[in-house]
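Novice: Build the 3D model from these lines:
(2 chains)
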2 protein chains.
Amino acid sequence: MRGFARSEFEARCARAQGLMAEAGLAALMLTTEPEVRYFTGYLTRFWESPTRPWFLVVPASGKPIAVIPSIGAALMGETWIDDIRCWSAPDLADDGVSLLAETLREVVPVGAKVGLPDGHETQLRMPLADLERLRQAIGPREICGDSGLIRAIRMVKSAAEVDKIETACAIAGRSYARVPEIAAEGVPLERIFRQFQILCLEEGADWVPYLAGGAGQGGYADVISPATPTPLAAGDVLMLDTGLVHDGYFCDYDRNWSVSTPSKEAADAHGQLIDATDAGAEAARPGATASDVFHAMNKVLKAGGEGTDAGRLGHGLGMSLTEWPSLIATDHTVLEPGMVLTLEPGIATKGADGRIVVHEENILITEGAPRFLSPRYGREMIVL
Amino acid sequence: MRGFARSEFEARCARAQGLMAEAGLAALMLTTEPEVRYFTGYLTRFWESPTRPWFLVVPASGKPIAVIPSIGAALMGETWIDDIRCWSAPDLADDGVSLLAETLREVVPVGAKVGLPDGHETQLRMPLADLERLRQAIGPREICGDSGLIRAIRMVKSAAEVDKIETACAIAGRSYARVPEIAAEGVPLERIFRQFQILCLEEGADWVPYLAGGAGQGGYADVISPATPTPLAAGDVLMLDTGLVHDGYFCDYDRNWSVSTPSKEAADAHGQLIDATDAGAEAARPGATASDVFHAMNKVLKAGGEGTDAGRLGHGLGMSLTEWPSLIATDHTVLEPGMVLTLEPGIATKGADGRIVVHEENILITEGAPRFLSPRYGREMIVL
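Specialist: Okay, here's the model as predicted:
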């Protein structure tokens, strides 16, 4: 099924409004794509245009109110939202600020607080100068942080959300399985990137917002580079990492292949990554923390050699390519059933001059052992 | 050629630093993908992950300084930037704020100003709470707006930039020419969307960040919707609008097709759009304003009927799908050679119950008549 039942949005609003009451917030003000979509179901690629701001106001009770450019009226009208207030954007003199201020004055009592996500992994998607204008226009109401409540509710996925992530993972799995059709010694990496995106679309991706990768002797320099024209050579490790989208939800995992038989060092590094992934999965139970999972993986990696510069060994996943929490030593988020995580260990290949290998799988936290949403890869790389 | 010669980045910095001196800014602080890429050439799809902030400091003289997560160090090291300062992100306690503050304290004298883009079409890509921490950490230096200087310099493209946009336009042109291979009566719109993205990749797109469109009897309800499973029917007008990327630069134009012979009303509406585009191109000379081009197009559209809710009749184009200026009555930006614009008239189809048709082409402002970067489409829609 595309989209969600209305009850999904009602439940999301109810959870938010419960936490808003605890935090003393009379409304939430949201500006980014996943935040607006989470409460409305409004799905469009038009966010790619940075020109127009979009706003959603979640009041203390009742349905959210959309305050949006008129170009979005027809599509927003197809969601469960009733109260859709539009202005003709872009308006150089007043790009929605008055209309948003009027809406906030209506639903927020004088002296009360409006929560705006302002913490880690959040952004403000509106001109900064307009936020100041808005503050002036709604005084004596106060704009403050959201106390992390958006983070808290988005981090635990519903069964319907998990279903979409799992579908995205399955599409990527079928695409990865076909990589031997498009990658071999002598094929330029940029051609493999283009062909792999085609495979993802053929296998059912709606679109492919993220593809990175690398290839090199025994490993690659980093995991975020775009393609180069360099052809694959014997002894290369090829890595592709995609975040493709199904109905607005991402997968995010990678695969490594060896071009001809891998060196012992590359094979060892890859095996170590699978062992680390297994250790991470073993630790990823309800009640454990993100930090616990990090340490379980890091212990295996440290036994094998040097780490990488990635800064973490995995993260949350869902409506965005990456979400909270982070698998780092200092993230003490307690795992709960319904959280979706990537396990993403990386390691430097011995004797390969700083080259690294990174592996990634996607898991769902359950009451017991986590469920792999991505089809698990073995210790031995597939040879191209 | 991929990327740019070093002289391109030197020229961009020199222009920025000239305007910074005029505006009394001791440094620029940049946080978004196109802003960082404009001065560095740093090109990666990793910005799809919202987790980590990235910073670039442009000092009053000398090369920019990158203050970035360590995961980006290897790739940034391949650009012309020498001074690359990294922290291990994500860091929940201090996600680059101290390192950025230290850098700003080093290059900005006490009491001087740091410019941060805060006007129309800009965003702050870092947690809002961290901006406040940064203000505290660099006082008594002041963070203020950038006086629109980023807008001013990005709006006029170099020959090398135009070349990349033109290549993107040509890739889309070849893809649109092949639409009769994938679209016909009975084919679901979502299949056409997927297949069209494959065509774009086959024809050479690096990736396809934007695809929207619609189909319906005599027109469509809006121009920003994702695909539906509805099959094309005789009498439908099909529209596809893509912003695909070549080497980090976008095209942004659409095409309409008629499924079987169009109604007189749909044919008239489409013809009117081509006439409006021609009128816009005729007006788009150096010295004319964005407003002049708007009025030239709007005059033709008004003679033909009702407009749409798009809010404008075209816009700038380049490193982002949409850029300044806007073709609206109130945008008095004076056109200069080197600006790249979309001409994007829309009109309601008579008797088609609020359905619209929208046409779009991409032009380059020159000393004389503008040059079409997209292959011009005729008054008559191609019949599928």
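Novice: just the helices in the stretch 251-384 of chain A please.
Specialist: In the stretch 251-384 of chain A, the helices defined using DSSP state H, counting those that start in this stretch lie at A:264-283, A:290-304.
Novice: mind checking which of the ones you listed is nearest chain B?
Specialist: Of all those, it is helix A:290-304 that lies closest to chain B, at 10.4 Å by Cβ to the nearest Cβ. Where you see a C-beta, it was placed from the backbone N, CA and C, and this is true even at glycine.
Novice: A:A183 contacts A:S258, doesn't it?
Specialist: No - under the criterion of Cβ atoms under 8 Å, A:A183 is not in contact with A:S258, lying 11.0 Å apart.
Novice: list residues touching both of those two?
Specialist: Residues touching both A:A183 and A:S258 by Cβ atoms under 8 Å, 6 or more residues apart in numbering or on different chains: A:L238, A:L384.
Novice: Helices of the stretch 51-200 of chain A, residue ranges please.
Specialist: Ranges of helices in the stretch 51-200 of chain A, per DSSP H, counting those that start in this stretch, are A:73-76, A:97-107, A:128-138, A:149-155, A:159-177, A:179-182, A:189-202.
Novice: which helices and strands sit right next to the first one?
Specialist: In this case it means helix A:73-76. Packing partners of helix A:73-76 (3 or more Cβ pairs under 8 Å, 6 or more residues apart in numbering or on different chains; DSSP states H and E): strand A:84-87.
Novice: go on, the third one?
Specialist: Helix A:128-138 is packed against helix A:97-107, strand A:142-144, with contacts defined by 3+ Cβ pairs under 8 Å, 6+ apart.
Novice: Would you format the helices of the stretch 51-200 of chain A as JSON lines with mean neighbour count and mean pLDDT included?
Specialist: Listed next are the helices of the stretch 51-200 of chain A as JSON lines, based on neighbours: other Cβ atoms under 10 Å in any protein chain shown; pLDDT from 0 to 100:
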{"stretch": "helix A:73-76", "mean neighbour count": "19", "mean pLDDT": "95"}
{"stretch": "helix A:97-107", "mean neighbour count": "19", "mean pLDDT": "98"}
{"stretch": "helix A:128-138", "mean neighbour count": "17", "mean pLDDT": "98"}
{"stretch": "helix A:149-155", "mean neighbour count": "20", "mean pLDDT": "98"}
{"stretch": "helix A:159-177", "mean neighbour count": "20", "mean pLDDT": "98"}
{"stretch": "helix A:179-182", "mean neighbour count": "14", "mean pLDDT": "98"}
{"stretch": "helix A:189-202", "mean neighbour count": "21", "mean pLDDT": "98"}
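Novice: can you count the residues close to the residue nearest to A:D331 when sequence neighbours are not counted?
Specialist: Leaving out its chain neighbours, the residue that sits closest to A:D331 by Cβ to Cβ, 6 or more residues apart in numbering or on different chains is A:A290, at 4.1 Å. A:A290: 27 surrounding residues under other Cβ atoms under 10 Å in any protein chain shown.
Novice: coming back round to it: looking at the helices of the stretch 51-200 of chain A, which is nearest to B:A5?
Specialist: Evaluated with Cβ to Cβ, the helices of the stretch 51-200 of chain A place helix A:189-202 nearest to B:A5, the distance being 20.5 Å.
Novice: touching chain B at all, that closest one?
Specialist: Yes - using Cβ under 8 Å from any Cβ of the partner chain, helix A:189-202 reaches chain B at A:E190, A:F193, A:R194, A:Q195, A:Q197, A:I198, A:L201, A:E202.
Novice: same question, stretch A:210-230
Specialist: Yes - with Cβ under 8 Å from any Cβ as the measure, stretch A:210-230 is seen reaching chain B through A:Y210, A:L211, A:A212, A:A221, A:D222, A:V223, A:I224, A:S225, A:P226, A:A227.
Novice: Now tabulate the helices of the stretch 251-384 of chain A in JSON lines and tack on mean pLDDT.
Specialist: JSON lines is the format used below for the helices of the stretch 251-384 of chain A (pLDDT from 0 to 100):
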{"stretch": "helix A:264-283", "mean pLDDT": "97"}
{"stretch": "helix A:290-304", "mean pLDDT": "94"}
